[in-house]
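Engineer: Okay, structure incoming, though there's no sequence with it:
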Ligand SMILES: NC(=O)C1=CN([C@@H]2O[C@H](COP(=O)(O)OP(=O)(O)OC[C@H]3O[C@@H](n4cnc5c(N)ncnc54)[C@H](OP(=O)(O)O)[C@@H]3O)[C@@H](O)[C@H]2O)C=CC1
Ligand SMILES: C=C(O[C@H]1[C@H](O)[C@@H](CO)O[C@H](OP(=O)(O)OP(=O)(O)OC[C@H]2O[C@@H](n3ccc(=O)[nH]c3=O)[C@H](O)[C@@H]2O)[C@@H]1NC(C)=O)C(=O)O
């Protein structure tokens with residue numbers, strides 16, 4: 001199926017207005033003075049850094065390779081008054097075709113280590129560490145607590161920001177497990193510019209929600225509390241969870257996406273509503289409602305951000321007309337569309 005549609009308004013999907021001011025040469029020079037002349041790159045296409053493989057150029061891009069570099073970059077942008085965006089694995093965002101006006105800070109601060117203390121393992125990781133990397137290392141060393149989240153693309157920072165979750169182990173799968181359950185503390189750069197360690201009370205973990213949705217704090221690193229686990233059981237959970245996802249969700253390597261496109265509707269299922277509206281497999285330009293899961297929009301190779309936004313609006317309209325339910329996008333809309 002294909003469709004042709006007029007452009008949607010920003011109000012339809014919650015995307016930011018498209019009137020930002022480009023970075024000036026003086027601002028670029030100032031950033032280079034603070035972060036290194038060869039470290040701040042101009043006009044880098046963001047598609048390569050998102051799981052959707054969509055997105056225009058950033059005026060400037062800086063890759064932070066440690067928590068200290070991340071702190072320095074955020075401080076520089078704040079002090080110079082330059083609009084900035086912190087990019088994790090780009091797994092939960094749609095970047096506009098015209099890219100981002102300002103500085104994109106790509107979080108590649110990936111150091112981590114595990115400190116054993118009796119039957120407890122304290123896993124400390126910088127916020128750009130990739131969840132899959134720390135999960136595999138923990139399992140390899142017989143530590144349990146984060147194995148449930150295998151297969152979900154995310155940095156540690158993104159995982160805390162959203163309170164990463166997945167179903168409890170098979171066969172019961174009786175409840176949703178949250179990264180909050182393994183969380184010990186995290187170090188942040190606060191909105192006010194203070195670097196400090198905070199606990200779970202500060203983070204206020206909810207469903208798809210933490211304090212970081214409401215305050216401009218940045219997670220620099222996090223510590224998770226792990227327990228000794230039976231290696232065979234840990235490996236079984238990895239295999240079962242990867243199989244569960246593989247059977248239900250399109251594979252990112254083949255069909256790039258940003259995971260669920262609409263927020264959960266408790267007891268109903270956003271995916272079910274889009275499915276029952278008859279849109280499974282529906283194509284709009286290079287974007288498609290996945291034939292495997294109707295709450296996932298996939299890039300069939302040539303999708304633009306415009307295609308995706310129009311498809312989102314089409315699904316919202318169809319579900320509203322048929323079921324009277326308003327679907328809210330789960331993903332963030334970044335930059336100019
Ligand atoms: N359950 C699933 O199957 C899937 C889940 N996901 C979710 O998507 C997210 C992907 O993470 P990732 O690719 O790393 O993030 P992204 O690069 O997609 O960034 C998403 C948001 O995370 C926030 N963020 C990222 N890093 C930090 C940090 N260090 N400190 C504070 N906020 C941060 C930013 O919020 P802000 O702009 O407010 O600063 C940003 O807008 C995870 O939360 C994951 O749970 C994604 C795909 C599938
Ligand atoms: C993929 C993501 O998270 C996933 C997470 O991996 C899994 C496992 O915990 O549970 C949620 O999926 P989900 O498939 O249960 O969510 P929905 O899209 O709301 O679907 C609910 C239900 O609708 C039904 N459904 C789904 C798709 C479809 O095409 N047809 C259909 O009938 C299924 O029975 C499904 O179980 C998360 N999605 C949301 C929106 O909460 C993500 O956040 O990007």
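Structural biologist: Yep, it's here. Worth saying up front: this structure is predicted, and the values here are computed from it rather than measured. Numbering: from 1, shown residues only. Ligands and ions are numbered 1, 2, ... in the order given.
Engineer: Would you mind listing what in this structure touches ligand 1?
Structural biologist: Where the chain comes near ligand 1, counting by Cβ under 6 Å from any ligand atom, the residues are 86-93, 107, 127, 152-155, 157-159, 161-162, 164, 212, 218-219, 259, 332. Yep, even glycine has a C-beta here, placed from its N, CA and C like the rest.
Engineer: Could you pick out the buried ones from those?
Structural biologist: Buried subset of these (neighbour count, 16 or more other Cβ atoms under 10 Å): 86-93, 107, 127, 152-155, 157-159, 161-162, 164, 212, 218-219, 259.
Engineer: Tell me which residues of stretch 135-153 come out buried.
Structural biologist: 135, 137-139, 141, 143-153.
Engineer: Which residues does that stretch contact?
Structural biologist: With Cβ atoms under 8 Å, 6 or more residues apart in numbering as the test, stretch 135-153 has contacts from 51, 89, 91, 112, 114, 121, 123, 131-132, 134, 159, 164-169, 177, 179, 181-182, 224-229, 231, 233-235, 237-238, 241-242, 245-246, 252, 259.
Engineer: now do stretch 76-87
Structural biologist: Applying Cβ under 8 Å, 6+ apart, the contact partners of stretch 76-87 are 20, 23, 27, 30-31, 34-35, 46, 49, 70, 73-74, 93, 100-107, 157, 193, 218, 334-335.
Engineer: Just the mean pLDDT for it, thanks.
Structural biologist: When pLDDT is averaged over stretch 76-87, the result is 97.
Engineer: Give the next helix or strand downstream of the helix or strand of the chain with the lowest mean pLDDT.
Structural biologist: Within the chain, no helix or strand scores below helix 10-13, which has a mean of 46 by mean pLDDT, DSSP states H and E. Where DSSP states H and E defines the elements, the next helix or strand beyond helix 10-13 is helix 25-35.
Engineer: thinking again about what came up before, please narrow the residues of the chain next to ligand 1 to those residing in helices.
Structural biologist: Here DSSP state H is the test, and those give 157-159, 161-162 as lying in helices.
Engineer: and which of those residues is nearest to ligand 2?
Structural biologist: Closest approach to ligand 2 among these (Cβ to the nearest ligand atom): residue 162, at 7.5 Å.
Engineer: Now the stretch 1-150 of the chain against ligand 1: closest residue?
Structural biologist: Distances between the stretch 1-150 of the chain and ligand 1 by Cβ to the nearest ligand atom are smallest at residue 88, namely 2.2 Å.
Engineer: Hmm, residue 327 and residue 273 touching each other?
Structural biologist: Yes: Residue 273 is within contact range of residue 327, at 7.0 Å (criterion: Cβ atoms under 8 Å).
Engineer: Quickly list what's touching both of the two.
Structural biologist: With Cβ under 8 Å, 6+ apart, residue 273 and residue 327 have common neighbours 265, 319.
Engineer: Distance check, residue 120 against residue 42.
Structural biologist: To residue 42, residue 120 is 47 Å away according to Cβ to Cβ, to the nearest Å.
Engineer: Also residue 162?
Structural biologist: For residue 162 relative to residue 42 (Cβ to Cβ), the value is 31 Å.
Engineer: Can I take it that residue 74 is in a helix?
Structural biologist: Yes: in this structure, residue 74 lies within a helix as judged by DSSP: H, G, I helix; E, B strand; the rest coil.
Engineer: Poorly predicted segments of the stretch 1-150 of the chain, please.
Structural biologist: 1-19 (pLDDT under 70).
Engineer: Check this protein for its longest strand and report it.
Structural biologist: strand 218-228 (DSSP state E).
Engineer: Which neighbouring elements make contact with the next helix or strand after that one?
Structural biologist: Scanning forward in sequence from strand 218-228 by DSSP H and E, the next helix or strand is helix 231-248. The contact analysis (3 or more Cβ pairs under 8 Å, 6 or more residues apart in numbering; DSSP states H and E) places helix 231-248 against helix 131-140.
Engineer: can we see that at 10 Å?
Structural biologist: Counting contacts by 3 or more Cβ pairs under 10 Å, 6 or more residues apart in numbering; DSSP states H and E, helix 231-248 packs against helix 131-140, strand 143-144, strand 165-167.
Engineer: That one and ligand 2 in contact?
Structural biologist: No: contact of helix 231-248 with ligand 2 (Cβ under 6 Å from any ligand atom) is absent, the minimum separation being 6.7 Å.
Engineer: what's next to that helix, contact-wise?
Structural biologist: With contacts defined as Cβ atoms under 10 Å, 6 or more residues apart in numbering, helix 231-248 is touched by 135-136, 138-145, 147-152, 166-171, 173, 229-230, 251, 271, 292-293, 296.
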